[in-house]
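1. output the structure for:
(one chain, ligands or ions: 1)
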Amino acid sequence: MTSVRVARLALCVLALAAAACGKKATPETHSTTGVVRNISHEGHALTVAHDDFPGFMEAMVMTFDVPDAGLTQGLKPGDKISFTIAKVDDQWPVTRIAKVP
Ligand SMILES: [Cu+2]
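-> So this is what the prediction gives:
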């Protein structure tokens, strides 16, 4: 192997690593608002009547996975929220919830 080839290979490996890392560091996210309908699975499931995710999903009632149950703590049906979902392994868990007055 010439040193040029080795350098090229190293660049490729770096590029691949950067692509993989980049995905994890900045996942695709979408944010919208909605009204809490239900919280179950000890805070890990949030059913919400959500508004449009512009360019991603129209308004509907659906249940999202909430990996961090702390996010749903203190929430109850009827609360207005804004929230963010992030793509993780082809799923869309909730990564942020904020109460909207
Ligand atoms: Cu939906």
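2. going forward, measure contacts and count neighbours with C-alpha atoms only.
-> Noted.
3. buried set for the helix or strand encompassing Val36?
-> If you go by DSSP states H and E, Val36 is part of strand 29-40. Neighbour-count burial for strand 29-40, counted by 16 or more other Cα atoms under 10 Å, picks out His30, Ser31, Thr32, Thr33, Gly34, Val35, Val36, Arg37, Asn38, Ile39.
4. and the residue nearest the centre of the protein?
-> Ala86 (1.5 Å; Cα atoms, centre = their mean).
5. list the contacts for that residue?
-> Neighbouring residues of Ala86 by Cα atoms under 8 Å, 6 or more residues apart in numbering: Pro27, Glu28, Thr29, His30, Trp92, Pro93, Val94, Thr95.
6. and the residue lying closest to His50 once chain neighbours are set aside, bridged to which residues?
-> Nearest residue to His50, sequence neighbours excluded (Cα to Cα, 6 or more residues apart in numbering): Gly34, at 4.0 Å. Gly34 has the following beta-bridge partners by DSSP bridges: His50, Ile81.
7. pLDDT score for the residue nearest to the centre of the chain?
-> Note for Ala86: predicted pLDDT of 96.
8. any idea how far Lys80 is from it?
-> Look at Ala86 and Lys80: by Cα to Cα, to the nearest Å, they are 20 Å apart.
9. closest to His50 among the buried residues of strand 29-40?
-> Set against His50, the nearest of those by Cα to Cα is Gly34 (4.0 Å).
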